[in-house]
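# Need a 3D model of the following:
(chains A and B)
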Amino acid sequence: MTQTVMKIEDLHLSFPVSRSLLDMVQRKPGKSVNALNGVTLELLQGETLGVVGESGCGKSTLARCIVRLYPPTSGQIHFDDQDIFDEKARKDRTYNRRVQMMFQDPYSSLNPRMTTGDILTEALRVHEMRPEAEIASRVAELLELVRLPQDAAEKLPHEFSGGQRQRIAIARALAVEPEVLIADELVSALDVSVQAQVVNLLLELQERLHLTILFVAHDLRLVRHVSNRVAVIYLGRIVEIGDSETLFSSPSHPYSQALLSAAPSLDPDDKGAAIQLEGELPSPLNVPPGCPFHVRCRHVTAQCRTVIPELRALEGRGEVACHHSEEINQYA
Amino acid sequence: MTDHPILEVENLCTTFSRGGTALPAVRDVSFALGKGQVQGLVGESGSGKSVTLRSILGLARHYGEVNGSVRWQGQELTTMSEWQLRKIRGREIAMIFQEPMTSLNPLLTVGTQLTETLKAHTDLGRRARRDRAIEMLDHVGIPAASSRLGEYPHQFSGGMRQRVMIAIALAASPKLLLADEPTTALDVTIQAQILDLILKLADEMSMGVVLVTHDLGVVAQTCDTVSVMYAGRVVEQGDVRQVLQTPRHPYTEGLIRSVPQDVPPRTQLYSVPGTPPSLFSLPEGCAFAPRCQAASEACGSARPTLQDIAPGRQTACFHPMPATQEDAA
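Okay, the predicted model is just below:
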């Protein structure tokens, strides 16, 4: 059985919204954006866990929480049996080394005034990965690893294309020999043909370096391709999680069903199979009571409007947070 | 296709100049569009698809040089005066842009922006304009349309803003809609709704659509014909089914194969080596030659022109991919 590397328990995070003067005069209560509403997740050794959902569903917030960029309102993240938000653990920088994040926008995530060599050297120095004398050779090694030419070390980020910049970001993350990589929309900003190159590189490096990857993306085809398991997030809650192939070929939650069928197929004859979702994602300022999906769901009942469904295991499938998944899937 | 084409684009070239050097953004793009047809322009960023669209409506000529011919129902648009063009823009040809966040005026209510089009292009009275505006918002699926007329763009979500854009574009019942990546900024579930809406309206109003996108899935689901662009030129065009199922140009093939669909999970994806060339330093021969596996010496020195390879099907390649049995069907 594979080992659990990271355990996320009932993670909540809400951002307070600044109150306007009028609100204060009228003594309205302060509002808050509920970005995460109880996420429970386990990351297994060596797997790729895909996280999908619409924009604003909290998938990037989750990624940022994991690398301690945001402290959660409540809930815990355990890594190696230690709570990472614990007073003592916060001072311990080794966590930052072992869990590395790669960001979406290759144009703003690299310092424009540092050469690639400087960027990689900085990472190596801060974490004291190599003695000073060996740093140059390690930089060369890293460039080789992500297949950038050796003269790249002297160049500034603006001299590279988007795909090459994401390679630099990967090299920077790998410089500190992490165990877990958090890829937040790593290839979303890239063109299709370049996207494939970066994904191939990531898959190959994972194999070679035994990395565990949390792959956050909104491109469903891509997530299906790279992931072992997939979690579908809706309004800060996991609505379905399970083995990637099972989930994609026969999704159980009505939201996953609609989300997956919305991805346009490459086959022009494959029309009309899509389940159309009505309406849009409700604002996280104002999450509906009961099942957060009930306002858009076709199978809604009175129970859905009041009771929040818990994530529960379905036989032969993953875990689903829906009151009626048995009935729904019977007809499907 | 017995119908006479409503839009004919012939040898369209758009050149920008940057610091004294000429940038060939669009070169020799030709296509024709019949009534009620949906034509796709697909390519990676910088391939010239958006500039082509802007050149059709005379938007590119303010900052670039446009040559060639764009005939709209027999009228030549490229030489038309700005004054004459204004009568066509919005009334006969409408355009929707990629960014629903920035293409609406944040200081005017949605109602004002909608009725503005009607004021310019129809002779409806004030009341009739308001009714038409409500009808349009209703038509594009905005609930409680009459109460939302007085709201500002920031009060709408991204999907709703794109609907407002579509409502504005379609308010004067144009015969051609130019859509520049209308769903790129939206989520897949909303994308499906918006594309459905565009197709439904195109069908109802027998309106032609030119759709620019980089998503081959969107092309497959919406377009009748498609042109694949690379470095400012069309490398392949034809019926969408034929192009996607039996691509003849190696670039089209590469694009299709790099989409992870029907490939075993967690295997290496097919990828086109290298990156698209910069317009500042286009290769001498075929622009795709440095990345092409089938490239020969001829590709490096001479540029292949767009040739008919089947009825309604063209490709610009010296070594087209073999046609499979279904090509003729």
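
# Those residues of the stretch 51-200 of chain B touching chain A, which are they?
Neighbours of chain A within the stretch 51-200 of chain B, by CB under 8 Å from any CB of the partner chain: B:Ser157, B:Gly159, B:Met160, B:Asp187, B:Val188, B:Thr189, B:Ile190, B:Gln191, B:Ala192, B:Gln193, B:Leu195, B:Asp196. (Each C-beta comes from the backbone N, C-alpha and C, glycine too.)

# Torsion angles phi and psi at the nearest residue to the first one once chain neighbours are set aside?
Closest residue to B:Ser157 in three dimensions, ignoring its sequence neighbours and counting by CB to CB, 6 or more residues apart in numbering or on different chains: A:Glu280, at 5.6 Å. For A:Glu280, the backbone dihedrals are phi -130, psi 170 (criterion: degrees, to the nearest 10).

# A:Glu280 touches B:Gln162, doesn't it?
No: in this structure, A:Glu280 is not within contact of B:Gln162 by CB atoms under 8 Å, at 11.2 Å.

# In terms of neighbours, single out the busier of those two.
Counted by other CB atoms under 10 Å in any protein chain shown, A:Glu280 and B:Gln162 do not tie: B:Gln162 has more neighbours, with 30 against 19.

# Centre of the chain to stretch B:141-161, how far?
Mean C-alpha position of stretch B:141-161 versus that of the full chain (CA atoms, centre = their mean, to the nearest Å) differs by 26 Å.

# err, stretch B:122-142, not the other one
With CA atoms, centre = their mean, you get 27 Å for stretch B:122-142.

# Show me the contact partners of it.
Stretch B:122-142 is touched from outside by B:110-111, B:114-115, B:118-119, B:145-146, B:148-149, B:160, B:163-164, B:166-168, B:170-172, B:193, B:197, B:201, with contacts defined as CB atoms under 8 Å, 6 or more residues apart in numbering or on different chains.

# returning to that earlier point: any figure for the gap between the residue nearest to B:Ser157 and B:Gly159?
Between A:Glu280 and B:Gly159 the computed distance is 5 Å (CB to CB, to the nearest Å).

# tell me which residues in stretch A:41-56 are buried?
Across stretch A:41-56, burial judged by 16 or more other CB atoms under 10 Å in any protein chain shown covers A:41, A:43-44, A:46-54, A:56.

# and which of those is nearest to A:Pro131?
The nearest member of the buried residues of stretch A:41-56 to A:Pro131, counting by CB to CB, is A:Gly46 at 29.8 Å.

# Can I take it that that closest one is in a helix?
No: A:Gly46: not assigned to a helix; according to DSSP: H, G, I helix; E, B strand; the rest coil it is coil.

# Any chance of the backbone angles for it?
In terms of degrees, to the nearest 10, the main-chain angles of A:Gly46 are phi 80, psi 0.

# got a list of what it touches?
A:Thr2, A:Gln206, A:His210, A:Leu211, A:Thr212.

# Residue of the stretch 1-150 of chain B closest to chain A, please.
When scored by CB to the nearest CB, the stretch 1-150 of chain B has B:Glu44 as its residue closest to chain A, at 3.9 Å.

# which SS class is that residue?
Following three-state DSSP, we place B:Glu44 in the coil state.

# how about the residue of the stretch 1-150 of chain A found nearest chain B, what does it touch?
Residue nearest to chain B within the stretch 1-150 of chain A: A:Glu54 (4.2 Å; CB to the nearest CB). Residues in contact with A:Glu54 (CB under 8 Å, 6+ apart) are A:His218, A:Tyr234, A:Leu259, A:Leu281, B:Asp187, B:Val188, B:Thr189, B:Ile190.

# circling back to that earlier point, could you find which two of the buried residues of stretch A:41-56 are furthest from each other?
Taking CB to CB as the measure, the buried residues of stretch A:41-56 span a maximum distance of 30.9 Å, between A:Gly46 and A:Gly56.

# Can you show me the helices along chain A?
Secondary structure of chain A, counting by DSSP state H: helices at A:21-25, A:59-66, A:87-91, A:94-98, A:116-126, A:135-145, A:162-175, A:192-209, A:220-226, A:244-249, A:254-262, A:302-306, A:325-331.

# Dump the longest one to PDB, keeping only the CA atoms.
When you say that, I think you mean helix A:192-209. What follows is helix A:192-209, C-alpha atoms only, in PDB (Å, rounded to 0.1, in the frame of the first residue of the first chain):
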ATOM      1  CA  VAL A 192      -1.200  23.700 -27.100                       C
ATOM      2  CA  SER A 193       2.000  22.500 -28.900                       C
ATOM      3  CA  VAL A 194       4.200  23.900 -26.100                       C
ATOM      4  CA  GLN A 195       1.900  22.700 -23.400                       C
ATOM      5  CA  ALA A 196       2.500  19.100 -24.500                       C
ATOM      6  CA  GLN A 197       6.300  19.600 -24.200                       C
ATOM      7  CA  VAL A 198       6.000  20.800 -20.600                       C
ATOM      8  CA  VAL A 199       3.600  18.100 -19.600                       C
ATOM      9  CA  ASN A 200       5.900  15.500 -21.000                       C
ATOM     10  CA  LEU A 201       8.800  16.900 -19.100                       C
ATOM     11  CA  LEU A 202       6.800  16.900 -15.900                       C
ATOM     12  CA  LEU A 203       5.700  13.300 -16.300                       C
ATOM     13  CA  GLU A 204       9.200  12.200 -17.100                       C
ATOM     14  CA  LEU A 205      10.700  14.100 -14.100                       C
ATOM     15  CA  GLN A 206       8.100  12.600 -11.800                       C
ATOM     16  CA  GLU A 207       9.100   9.200 -12.800                       C
ATOM     17  CA  ARG A 208      12.800   9.800 -12.400                       C
ATOM     18  CA  LEU A 209      12.700  11.700  -9.200                       C
END
